[in-house]
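In: Predicted model follows, preceded by the sequence.
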Amino acid sequence: MTESVEQTPSPSPFHRGEQAAQKRLGVREQMERFGSRVIRDYMPDQHREFYRLLPFIFVGHADKGGWPWASILFNQPGFITSSDAKTLDINALPVTGDPLADALRPGTRLGLLGIELPTRRRNRLAGHIAERADDGIRLTVDQAFGNCPQYIQARELERVDTAAMPTTRVEDIVELDSRARALIQQSDTFFVASYVDNGSGEANEGADVSHRGGRPGFIRVDNETTLTIPDYLGNNHFNTFGNFIENSRAGLLFLDFENGHLLTLTGTVEIIWDAPEAEYFEGAQRLWKFHVDHGRWINDALPLRWKLDEYSPNTLLSGTWDEAAQLRDADAQRNQWSDYAVTKVVEESSVIKSIYLEPRDHPVPKFKAGQFLTVKMPIAGRDTIRTYTVSSAPADTTVRISVKRESASESDLPDGLCSNFIHDQLNVGDVIQAKAPCGAFTFDASEQRPAVLLAGGVGITPMVSMARHALVEGVRTRYIRPITLISSASNGQQRAFFDELNEIAAQSAGSIRSFWALSQVDSDMEPAVDYHQHGRITPQFLQAVLPLDDYDFYLCGPSAFMQSMYDMLRELGVNNARIFAEEFGPASLQRDADQATVEFKPLAVASEAIVEFTDSQVEQAWSDGDGSLLDFAEAHGLSPEFGCRSGQCGACKTTLVAGAVVYQTEPSSPLQDDEVLLCCAVPARVEGEDVARLAVKL
Ligand SMILES: Cc1cc2nc3c(=O)[nH]c(=O)nc-3n(C[C@H](O)[C@H](O)[C@H](O)COP(=O)(O)OP(=O)(O)OC[C@H]3O[C@@H](n4cnc5c(N)ncnc54)[C@H](O)[C@@H]3O)c2cc1C
């Protein structure tokens with residue numbers, strides 16, 4: 001399991017395995033710089049004081065056979081003292097049956113984790129036993145560092161009268177009995193010990209003990225000896241995984257917080273760096289499997305009980321194995337229609353309403369901020385399909401779409417069918433059908449380059465999702481991608497999501513900023529508060545609000561808005577490849593390619609073709625001017641399913657049985673070689689043939 005890596009010259013605070021993990025995940029240099037500042041060979045005063053206040057501490061060690069174990073030592077607060085920055089005295093001994101008892105002799109290397117559950121504060125250290133006394137140990141500190149409060153559930157400690165406690169009973173096990181499986185399955189916290197000793201004698205080797213937290217159900221019991229555990233984003237030290245790389249053994253400690261029993265296990269570990277399963281597990285960066293070798297129940301071990309106060313905010317953003325399985329099943333049916341119930345309807349502006357939708361028989365499918373939902377509603381006796389961008393974040397528990405009422409531009413034309421139905425007739429409790437969100441206009445919140453989101457009218461919907469997502473990811477990863485969102489609207493009444501965006505901006509502590517450009521402003525509106533620009537978004541306005549930097553630009557709005565924003569950005573020297581755009585209709589944005597861009601040369605359109613719709617057994621002559629295959633099919637009495645009619649939603653996708661097609665607008669819905677999108681495809685010319693032949697399944 002050992003990976004070969006270049007070793008940073010001593011004294012690195014990280015050993016070979018930790019360096020290998022950091023290198024693999026692209027944080028090596030950053031961690032070396034950071035680690036050498038925050039990992040000390042002594043305890044800062046703050047840590048010494050912190051340890052003094054603790055009523056318990058976790059300890060990791062390896063036994064004579066090399067098996068690591070995690071343990072708990074406890075006493076009254078004040079049982080840990082420090083006479084100087086290199087020395088820690090612990091006035092406690094392990095509980096009956098704890099393998100640590102056999103290792104308490106000078107020279108044993110220990111890893112310590114001090115954790116204050118009510119405040120979620122924690123500090124770590126590695127050291128070795130300098131002296132053993134009758135009632136405790138004296139430790140010399142080799143490494144000390146602070147740790148962040150992520151995934152720690154807040155708990156209150158209560159003590160029980162030891163005189164009233166049954167005698168401690170130790171039960172050896174070599175596999176997980178039903179009690180052990182139940183405890184693990186409902187655990188939201190455990191401790192993992194790992195150990196490395198390559199004989200270097202360096203301070204960076206030795207024992208480690210680390211906390212792991214998640215929602216109950218975050219550990220999967222695969223069978224009597226195997227657990228699968230997600231690894232979440234942490235401090236990038238990779239103390240535990242680094243140890244696993246060097247020595248694939250670990251000790252796991254589960255506390256029965258309510259009854260004072262301990263389940264302590266030791267075994268071997270398998271790291272799964274790129275697990276497809278992890279994709280469906282919210283927050284999992286990678287997985288690891290733990291195979292039990294042997295262990296113990298230490299019944300009635302502790303006179304301590306803990307009451308759960310609240311889950312850590314990071315924990316609440318993470319998944320469980322049940323949810324991962326449901327998400328995987330939902331993903332397998334991404335292209336099927338499924339029922340979504342309307343749970344809430346909110347007026348966002350004078351023209352936009354938000355509809356909150358909850359899938360009826362599965363969790364919200366996985367999607368990326370910026371993607372759209374394809375919905376189907378029975379309107380006037382006919383199933384009508386449209387696409388609406390999701391305006392909620394992927395981590396939200398419901399899907400929100402936000403729909404602008406489309407009114408006819410001329411009095412003799414009908415108003416927009418679906419949008420008016422949604423505004424006037426869709427109510428809480430109604431059920432509509434939808435496919436899982438899809439689309440290529442997506443936002444990566446982990447990207448370092450700042451983003452500028454330019455929204456025109458209802459084009460704000462993907463931008464709200466992106467801003468919400470960046471904020472949520474900030475809680476999870478402690479990095480908020482900088483965003484400047486500039487929204488343009490006709491007037492104050494049409495400013496959708498004004499308060500929500502201000503709230504996001506406030507919570508982001510300056511990483512996300514929201515500006516408004518309004519065509520008309522009312523006399524009571526305050527500049528720089530209610531709006532920031534009177535009129536269009538101009539180059540001067542952009543330059544005024546954007547510090548000089550290299551940005552990704554995201555555009556969404558009506559065609560004319562998109563084109564003018566695009567042209568303005570190009571004139572300001574923005575690279576074409578840095579501009580991402582989404583249109584709520586047929587793609588019309590005229591891009592001018594960067595010099596290095598190779599032009600895509602499509603096949604030519606046929607002038608005439610014989611088109612066969614195989615299922616319906618209809619064969620008809622198509623000629624240039626008959627429009628897309630969707631128009632052509634409808635003209636011949638067929639009623640294929642369709643949605644956006646612009647190559648984006650994929651609702652009209654079918655099998656291309658024979659022949660070739662050309663796309664009038666480049667489809668953004670993903671396509672296999674044998675698939676065709678009827679709404680924007682026409683027959684392609686075949687060299688040497690006057691009439692092309694085409695067969696599609698319909
Ligand atoms: C990827 C994508 C994402 C989208 N996201 C959103 C979103 O987040 N929010 C949102 O509000 N919309 C969004 N849309 C647009 C949405 O899908 C619908 O197109 C929109 O709601 C209009 O649908 P409708 O049924 O109300 O109008 P339709 O009935 O399709 O009519 C559209 C327009 O044409 C006019 N019209 C109707 N009949 C005729 C006729 N015979 N001749 C001439 N004109 C006519 C109508 O007056 C109306 O203005 C998105 C579209 C795409 C492709």
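Out: That came in fine, so what should we check first? Numbering: from 1, shown residues only.

In: Name the nearest residue to the residue of the chain found nearest the ligand, ignoring sequence neighbours.
Out: Among all residues of the chain, Gly416 sits closest to the ligand, at 2.3 Å; criterion: Cβ to the nearest ligand atom. For the C-beta atoms, the positions are set from N, CA and C on the backbone; glycine is no exception. Leaving aside its sequence neighbours, Gly416 sits nearest to Glu406 (Cβ to Cβ, 6 or more residues apart in numbering; 2.7 Å).

In: swap in Asn204?
Out: That would be His15: by Cβ to Cβ, 6+ apart, it lies 4.3 Å from Asn204.

In: burial count for the one you found?
Out: By other Cβ atoms under 10 Å, 23 other residues sit near His15.

In: Same check on Asp172?
Out: 9.

In: and the gap between it and Ala182?
Out: Asp172 sits 19 Å away from Ala182, going by Cβ to Cβ, to the nearest Å.

In: Need the three-state assignment for the residue nearest in space to the middle of the chain.
Out: With distances taken as Cα atoms, centre = their mean, the residue of the chain nearest its centroid is Gly283 (5.3 Å). Here Gly283 is recorded as coil under DSSP: H, G, I helix; E, B strand; the rest coil.

In: again with Gly114
Out: strand.

In: Surely it touches Arg122?
Out: Yes: with contact defined as Cβ atoms under 8 Å, Gly114 counts as touching Arg122 (6.3 Å).

In: ok so, going back, I'd say the residue nearest to Asn204 and Asn198 touch.
Out: Yes: contact criterion Cβ under 8 Å: His15 and Asn198 qualify, at 7.3 Å.

In: any shared contact partners between the two?
Out: Common neighbours of His15 and Asn198 are listed as Glu205, Glu246 (criterion: Cβ atoms under 8 Å, 6 or more residues apart in numbering).

In: re earlier: if I look at the residue of the chain closest to the ligand, how far off is Lys366?
Out: 30 Å.

In: Next: Ala581.
Out: Taken as Cβ to Cβ, the span from Ala581 to Lys366 is 24 Å.

In: Same check on Leu698?
Out: If you go by Cβ to Cβ, the gap between Leu698 and Lys366 works out to 31 Å.

In: Who has more neighbours out of these two?
Out: Leu698 (23 against 16).

In: Apart from its neighbours in sequence, what residue is nearest that one?
Out: Phe613 (4.1 Å).

In: which residues does the one you found contact?
Out: Glu619, Ala633, His636, Leu638, Val696, Lys697, Leu698.

In: Buried members of the residues you listed into PyMOL, please.
Out: Buried residues among the contacts of Phe613 (16 or more other Cβ atoms under 10 Å), as a PyMOL selection:
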select buried, resi 633+696+698
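
In: Show only the entries of the contacts of Phe613 found in helices.
Out: In helices, judged by DSSP state H, the following of those are found: Ala633.

In: Among the contacts of Phe613, find me the one that's closest to Asp161.
Out: Lys697 (76.0 Å; Cβ to Cβ).

In: if we can go back for a sec, what number of residues lie near the residue nearest to Gly416?
Out: 16.

In: ok, it to Trp622 distance?
Out: 31 Å.

In: Also Ser465?
Out: For Ser465, the distance to Trp622 - Cβ to Cβ - is 40 Å.

In: Which one's more surrounded, these two?
Out: For Ser465 versus Trp622, neighbours defined as other Cβ under 10 Å are more numerous around Ser465 (28 against 23).

In: tell me which element that one falls in.
Out: Using DSSP states H and E, the element containing Ser465 is helix 460-477.

In: Can that helix be said to contact the ligand?
Out: Yes: judged by Cβ under 6 Å from any ligand atom, helix 460-477 comes into contact with the ligand at Thr461.

In: Off-centre distance for that helix?
Out: Taking Cα atoms, centre = their mean, to the nearest Å, one finds helix 460-477 lying 11 Å from the centre of the chain it belongs to.

In: So what touches the helix or strand just after it?
Out: Going down the chain from helix 460-477, the next helix or strand is strand 483-489, by DSSP H and E. Strand 483-489 has contacts (Cβ under 8 Å, 6+ apart) with 349, 450-457, 460, 463, 466-467, 470, 495-497, 501, 511-519, 536-537, 541-542, 545-546, 551, 557, 561.
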